[in-house]
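K.L.:
Sequence and predicted structure, then a few things I'm wondering about:
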Amino acid sequence: MWHGECSETPMSEKPKAFLVGGGIGSLAAAAFMIRDGHLPGGNITILEASAIMGGSLDGAQVPVGGYSMRGGRMMTTDNYECTWDLFKSIPSLDSRDQSVFLETLAFNQQHPSHAQARLVDCRRAKVPVTSMGFSMQDRVELLRLSRADEDKLDGDRITDWMSPDFFESEFWYMWSTTFAFQPWHSAVEFRRYLHRFMLEFSRIETLAGVKRTIYNQYDSLVRPLQAWLLAQGVRLVPGCEVTDFDHTKVDGRFTVTGIHCVRQGRPEVIPVADGGLVFFQNGSMTDASSLGTMTSPPKRLTKAESGGWKLWEKLADGRPQFGNPSAFNSCIAESCWESFTVTLQDASFFDQMSRFTGNEAGTGGLVTFEDSNWLMSIVLAHQPHFPGQPADVQVFWGYSLFPDRIGNFVAKPMAECNGAEILQELRGHLRLDPESFGTVTCVPCMMPYITSMFMPRVRGDRPLPVPPGTRNFAFISQFVEIPEDVVFTVEYSVRAAQMAVYQLLGIDREIPPVTAHDRSLHTQFEALIKAFD
């Protein structure tokens with residue numbers, strides 16, 4: 001039985017809620033239950049298999065030296081309606097008299113984005129990107145895809161709708177690296193991005209719509225939200241792997257009655273009393289991630305080495321309303337890419353990049369090497385990027401969409417490269433001397449499922465946040481179905497959480513709607529001008 005801080009000792013007559021997975025979706029769901037559902041924080045328990053909360057939003061110093069973060073999601077204030085609705089209620093850790101939202105807004109007013117070196121070619125020259133590089137055929141096909149009903153796109157890849165030359169256009173290089181699309185990814189998801197981020201279409205070369213947090217997203221979003229939840233009495237239980245659910249039918253509806261988990265090596269069962277609620281983060285984009293070092297590449301892991309998908313697979317077996325995880329996790333070759341975090345002991349590289357790009361760190365965007373076999377990009381954030389980061393230390397992040405291809409300057413695939421070899425490849429594209437980085441640490445990170453949510457799918461492969469026929473159970477993740485919104489964003493997880501919480505708790509408050517920028521005549525006109533420029 002369950003022991004310790006998650007005892008079923010009643011705190012009130014209100015229901016107990018259990019959240020399986022400690023990512024941003026579960027943290028947000030707990031906050032919505034407290035803020036809008038008036039559930040006491042002590043009635044809420046979050047169970048997380050790893051040692052810390054935050055899920056895919058991570059960032060920390062690592063034992064192999066320097067800092068590491070698997071990635072960072074693009075943020076905007078023109079979209080992200082549910083995210084900012086939440087973070088308007090969460091105090092900043094640095095300034096308790098203002099919210100995380102206001103803190104972020106003020107930071108971006110001081111450091112606005114306006115990239116001046118979005119694409120770089122093999123001559124280390126900035127690629128002109130005032131034009132999208134479209135042919136008339138590209139324009140016709142892109143318009144046809146954007147206007148197609150989703151039913152017509154079921155199971156299709158982007159390559160089923162766009163000709164090969166499109167994938168050599170400046171637009172594709174910028175759009176694909178901004179959002180991490182591959183040509184073989186879902187046509188439905190690509191169409192949704194075209195609509196959801198139509199406002200960004202006309203400024204994709206400058207990334208002027210991108211908003212950044214003061215620090216990395218773990219320290220700027222997860223930590224203040226976690227601190228607020230703890231202050232409300234929410235129980236956070238790390239090191240607790242959930243392996244199964246006990247369930248029954250109540251009035252013909254699927255009802256969870258118990259949660260099986262392993263904690264500190266011991267199997268335990270958490271009873272879910274009548275009226276209790278269970279929220280489950282199904283699937284994981286960062287499942288089976290692995291880190292390398294300056295002298296060793298990251299290991300190539302699969303589902304066999306990690307359990308992030310197993311519980312969803314078990315639940316979905318024989319229950320089509322719970323989705324189809326195999327649509328997303330069956331082809332690592334089409335869902336993986338590799339990132340890297342570089343820690344420098346002086347500012348010389350940042351100074352060189354500032355002179356080359358015309359951007360101070362934190363005001364540019366991704367710098368993508370258009371001719372890179374790996375399709376490598378880097379981004380230099382405002383420093384410090386971590387609280388407590390020494391003044392003489394600089395940190396930047398990069399990633400490559402094609403880690404299985406041979407490099408231009410290193411004669412092996414990125415997936416087989418250590419941190420030193422990744423830096424050698426980067427130096428080659430920037431035409432830098434070996435000494436240009438000074439004392440440096442590069443931590444590579446392989447993520448086999450990082451774009452699994454973009455895999456081609458058909459209707460029903462993703463469950464609804466609260467599937468039909470369930471009584472006390474909901475899904476929260478990148479792998480649920482939310483009409484009109486786009487996966488691989490913080491917003492998607494937060495919106496899924498808000499939808500699930502409001503439905504199960506019967507909260508009578510409107511969820512912020514998806515802003516219809518794609519229906520704005522001004523936005524449509526700006527996009528049309530850009531497409532024909």
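P.N.:
Now that the structure is in, tell me what you want to look at.
K.L.:
Now for the residue nearest to Ser289 when sequence neighbours are not counted: which residues touch it?
P.N.:
Leaving aside its chain neighbours, Ser289 sits nearest to Met447 (4.9 Å; criterion: C-beta to C-beta, 6 or more residues apart in numbering). Heads up, the C-betas are built off the backbone N, CA and C, glycines and all. Applying C-beta atoms under 8 Å, 6 or more residues apart in numbering to Met447 gives the contacts Arg70, Gly71, Met285, Thr286, Ala288, Ser289, Cys336, Trp337, Glu338, Ser339.
K.L.:
And Gly292, how close does it get to Gly398?
P.N.:
14 Å (C-beta to C-beta, to the nearest Å).
K.L.:
what does Ser477 give?
P.N.:
Going from Ser477 to Gly398 by C-beta to C-beta gives 26 Å.
K.L.:
Please identify which of the two sits among more neighbours.
P.N.:
Ser477 (28 against 24; other C-beta atoms under 10 Å).
K.L.:
Verify the contact between that one and Ser493 for me.
P.N.:
Yes: contact criterion C-beta atoms under 8 Å: Ser477 and Ser493 qualify, at 6.7 Å.
K.L.:
Just the CA trace of stretch 259-274, in PDB.
P.N.:
Written as PDB, here are the backbone C-alpha positions of stretch 259-274 (Å, rounded to 0.1, in the frame of the first residue of the first chain):
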ATOM      1  CA  ILE A 259      -2.200   3.400  -9.300                       C
ATOM      2  CA  HIS A 260       0.700   0.900  -9.300                       C
ATOM      3  CA  CYS A 261       4.100   2.400  -8.900                       C
ATOM      4  CA  VAL A 262       7.700   1.600  -8.000                       C
ATOM      5  CA  ARG A 263       9.300   4.000  -5.500                       C
ATOM      6  CA  GLN A 264      12.800   3.500  -4.000                       C
ATOM      7  CA  GLY A 265      12.900   0.100  -5.600                       C
ATOM      8  CA  ARG A 266       9.700  -1.100  -3.900                       C
ATOM      9  CA  PRO A 267       6.300  -1.700  -5.600                       C
ATOM     10  CA  GLU A 268       3.400   0.200  -4.100                       C
ATOM     11  CA  VAL A 269      -0.200   0.800  -4.800                       C
ATOM     12  CA  ILE A 270      -2.000   4.200  -4.400                       C
ATOM     13  CA  PRO A 271      -5.700   3.700  -4.000                       C
ATOM     14  CA  VAL A 272      -7.900   6.200  -5.800                       C
ATOM     15  CA  ALA A 273     -11.000   6.600  -3.700                       C
ATOM     16  CA  ASP A 274     -14.500   7.200  -5.200                       C
END
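K.L.:
any shared contact partners between Ser477 and Ser493?
P.N.:
Common neighbours of Ser477 and Ser493 (C-beta under 8 Å, 6+ apart) are Gly23, Gly25.
K.L.:
re the thing from before, most neighbours among the contacts of Met447, please name it.
P.N.:
So for the contacts of Met447 (other C-beta under 10 Å), the most neighbours sit at Glu338, 28 neighbours.
K.L.:
strands paired with the helix or strand that contains it, and their directions?
P.N.:
Glu338 is part of strand 337-344, with elements assigned from DSSP states H and E. Partners of strand 337-344 in the sheet, by DSSP bridges, are strand 394-400 (antiparallel), strand 440-447 (antiparallel).
K.L.:
That strand: how far from the chain's middle?
P.N.:
16 Å (C-alpha atoms, centre = their mean, to the nearest Å).
K.L.:
hmm, who's touching it?
P.N.:
65-71, 180, 298, 350, 393-403, 414-415, 419, 422-423, 437-447, 450-451.
K.L.:
contact partners of the helix or strand following that strand?
P.N.:
Proceeding N to C from strand 337-344, the next assigned helix or strand is helix 348-357, under DSSP H and E. By C-beta under 8 Å, 6+ apart, the residues outside helix 348-357 that reach it are 115-117, 124, 126, 344, 359-361, 364, 367, 380, 383, 394, 396, 430, 432, 436-438.
K.L.:
cool, and stretch 256-263?
P.N.:
18, 20, 47, 237, 239-248, 267-272, 276, 278, 472-473.
K.L.:
at 6 Å what do you get?
P.N.:
With contacts defined as C-beta atoms under 6 Å, 6 or more residues apart in numbering, stretch 256-263 is touched by 240-248, 268-272, 278, 472-473.
K.L.:
List the ones among those residues that fall in strands.
P.N.:
240-248, 268-271, 278, 473 (DSSP state E).
K.L.:
most surrounded residue in the residues you listed?
P.N.:
Ranking the ones in strands among the contacts of stretch 256-263 using other C-beta under 10 Å puts Ile270 first, with 26 neighbours.
K.L.:
Tell me where the chain is predicted with low confidence.
P.N.:
1-12 (pLDDT under 70).
K.L.:
and Pro128, what helix or strand is that in?
P.N.:
Counting by DSSP H and E, Pro128 is part of no helix or strand.
K.L.:
check contacts around the residue nearest to Leu236 when sequence neighbours are not counted.
P.N.:
Spatial nearest neighbour of Leu236, chain neighbours left out: Ile46 (5.2 Å); criterion: C-beta to C-beta, 6+ apart. By C-beta under 6 Å, 6+ apart, the contact set of Ile46 is Leu19, Gly22, Ser26, Leu236.
K.L.:
The first one pairs with what?
P.N.:
Looking back up the chat, that one is Leu19. Ile46, Phe279.
K.L.:
now Gly23: how far from Leu225?
P.N.:
On the measure of C-beta to C-beta, Gly23 and Leu225 end up 11 Å apart.
K.L.:
ah, wrong one, I meant Leu27
P.N.:
Counting by C-beta to C-beta - Leu27 and Leu225 are separated by 5 Å.
K.L.:
Pick out whichever of the two has more residues nearby.
P.N.:
For Leu27 and Leu225, the more surrounded residue by other C-beta under 10 Å is Leu27, and the numbers stand at 31 against 25.
K.L.:
Isn't that one up against Ala227?
P.N.:
No: taking C-beta atoms under 6 Å as the definition, Leu27 is not a contact partner of Ala227, at 10.7 Å.
K.L.:
Kindly indicate whether the closest residue to Pro387 other than its chain neighbours is helix, strand or coil.
P.N.:
Residue nearest to Pro387 in three dimensions, not counting chain neighbours: Asp219, with 5.6 Å by C-beta to C-beta, 6+ apart. Here Asp219 is recorded as helix under DSSP: H, G, I helix; E, B strand; the rest coil.
K.L.:
next one: Ser436
P.N.:
Once three-state DSSP is applied, Ser436 turns out helix.
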